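Undergrad: let's see this in three dimensions:
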Amino acid sequence: MRIRIVADDRENAGGVIGELRARDDVALEVRRLGVGDFLVEEGFAVERKTLSDFATSVVDGRLFKQAFALAQGARRGVLIMEGAASTARNLRVSREALQGALITVSVFYGLAVLRARDRAETARLLVYLGRQAKRYFHGSLPRPGYRPKGKRARQLFVLQGLPGIGPERAERILEHFGSVEKAMSAHVDELSAIDGIGEATAERIRWAVEEPQAPYHPPISRGEI
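TA: Residues are numbered from 1 along each chain as shown. Predicted coordinates:
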């Protein structure tokens, strides 16, 4: 099972691309990305920052612009912070400022924050993310918690498995469309018309539920064989 990863060409100096090239389980493409440093399985936009770069980007405000772009995109945003914790003492940025920045990007922008010790572990995290994404989208990962009883409860449970959908949004979707089937086949503009669901969330939902269309090949007549 090869994991599809696209790396921004500006990441060559960081060493992670070299780590990924050395792996047999990665199908790597290097090109310029508009948002993030890595694109994993077409569903996750990943920004990688060393601890020193993280601290610098907090001071100059670059971190929040990048986090906002990730949060507004159609893909799930992930931030990987790379470096040993011991190096944080030399960052010349207060611990409170760094913690405040982490709260902003994780709680308010909704980015997943992962930690890596070095570039090799960053590469492994990208691969692990891709593997789990494949299992999740094929239904292999269990969803923990209760098992709802009754049709409506099960419908809401299914809808809450969609990207960016919690209990309140699931209720609105079900009330608007009347069934899970109609909700799953709705277009982006129909989904984004629901109160509390913006275009970015609607696009993530469509990405999660739609099947790629196979190219059409006309049948070959016997005379052409």
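Undergrad: once you drop chain neighbours, what's closest to V188?
TA: A202 (4.5 Å; Cβ to Cβ, 6 or more residues apart in numbering). Heads up, the C-betas are built off the backbone N, CA and C, glycines and all.
Undergrad: sticking with the one you found, tell me its helix or strand.
TA: For A202, the element it lies in under DSSP states H and E is helix 199-209.
Undergrad: now that helix: mean pLDDT?
TA: Mean pLDDT, computed over helix 199-209, is 83.
Undergrad: ok, stretch 52-70 next?
TA: Stretch 52-70 comes out at a mean pLDDT of 90.
Undergrad: what's it in contact with?
TA: 35-36, 45, 47, 49, 77-79, 81, 83, 87, 91-93, 97-98, 101, 104-105, 109, 111 (Cβ atoms under 8 Å, 6 or more residues apart in numbering).
Undergrad: which of these are buried? Put it as a PyMOL command.
TA: Burial among those is assessed by 16 or more other Cβ atoms under 10 Å; the matching PyMOL selection reads:
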select buried, resi 35+36+45+47+49+77+78+79+81+83+91+93+98+101+104+105+109+111
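Undergrad: about what we covered before: number of residues surrounding the residue nearest to V188?
TA: 22 (other Cβ atoms under 10 Å).
Undergrad: next one: the one 4 residues further on
TA: Using other Cβ under 10 Å, the number of residues around R206 comes to 18.
Undergrad: which parts of stretch 48-59 are buried?
TA: Buried residues in stretch 48-59, counted by 16+ other Cβ under 10 Å: 48-58.
Undergrad: same question, stretch 159-174
TA: Result for stretch 159-174 [16+ other Cβ under 10 Å]: buried residues 159-160, 162-165, 169-170, 172-174.
Undergrad: tell me the angle the longest helix seen in the chain makes with helix 199-209.
TA: For the chain, the helix that runs over the most residues, judged by DSSP state H, is helix 119-137. Interaxial angle, helix 119-137 versus helix 199-209 (axes from the mean of the first three to the mean of the last three Cα atoms, to 10 degrees): 70 degrees.
Undergrad: which strands or helices does whichever helix or strand comes after helix 119-137 pack on?
TA: Of the helices and strands lying after helix 119-137 in sequence (DSSP H and E), the nearest is helix 151-159. If you count contacts as 3 or more Cβ pairs under 8 Å, 6 or more residues apart in numbering; DSSP states H and E, helix 151-159 packs onto helix 167-177, helix 180-184.
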